[in-house]
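My questions concern the predicted model and sequence given below.
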Amino acid sequence: MAGATAAPEARPLTIHASPFFLEMAAYLKAAAGSPAWSRRLVRIQRLGDELRERLLAARSEYGMRFAGRPEELTTAWRRYVAEVDLSEMNEMIDKHNLYYPIEAGLRMQWPSGRYILPEGMQFPLPRLTAETLLAEFPADPI
């Protein structure tokens, strides 16, 4: 057979549904839903929003109840804020501060041992106290 050409060499065909390769571990991680640290931050935010709403409503009520009596308002308001239950909020904050670096896979800066935080992230989150609430919602007459 004069002029016959050789057949091209057979190669296995690779087919992907996407031009981007996704490792199985990354796929399973994404399929599991939002990470625990993110769900915890949402819960902390909701608890904080509820607390602020309660404090604003109570402060308005105290302002009307003690109208014209600023010393009594200050004393009563400080007592009210001191009795606010912050245990659930602070428990969530403590949990977040303990687990966030591990769950988020934060890198650590050497030799300081500080975590390299994503832009805009605050870590560790400060615990709430009566003093921090009074700083945001002072006992001044309304």
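On my side now, so go ahead. Residues are numbered from 1 along each chain as shown.

Lowest-scoring secondary structure element of this protein by mean pLDDT?
None of the helices or strands of the chain scores lower by mean pLDDT, DSSP states H and E than helix 24-31, at a mean of 72.

pLDDT (mean, whole number) over the very next helix or strand once past that helix?
Following helix 24-31 in sequence order, the next helix or strand is helix 36-65 (DSSP states H and E). On average, the pLDDT along helix 36-65 is 95.

list the helices and strands helix 36-65 packs on?
In this structure, helix 36-65 makes packing contacts with helix 70-82, helix 87-103, helix 130-136, judged by 3 or more C-beta pairs under 8 Å, 6 or more residues apart in numbering; DSSP states H and E. In this view, the C-beta of every residue, glycine as well, is placed from N, C-alpha and C.

could you redo those as CSV and give each row mean neighbour count, mean pLDDT and distance to L117?
Shown next, in CSV, are those (neighbours: other C-beta atoms under 10 Å; pLDDT from 0 to 100; distance: least, C-beta to C-beta, whole Å):
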stretch, mean neighbour count, mean pLDDT, distance to L117
helix 70-82, 15, 95, 31
helix 87-103, 15, 95, 9
helix 130-136, 13, 95, 22
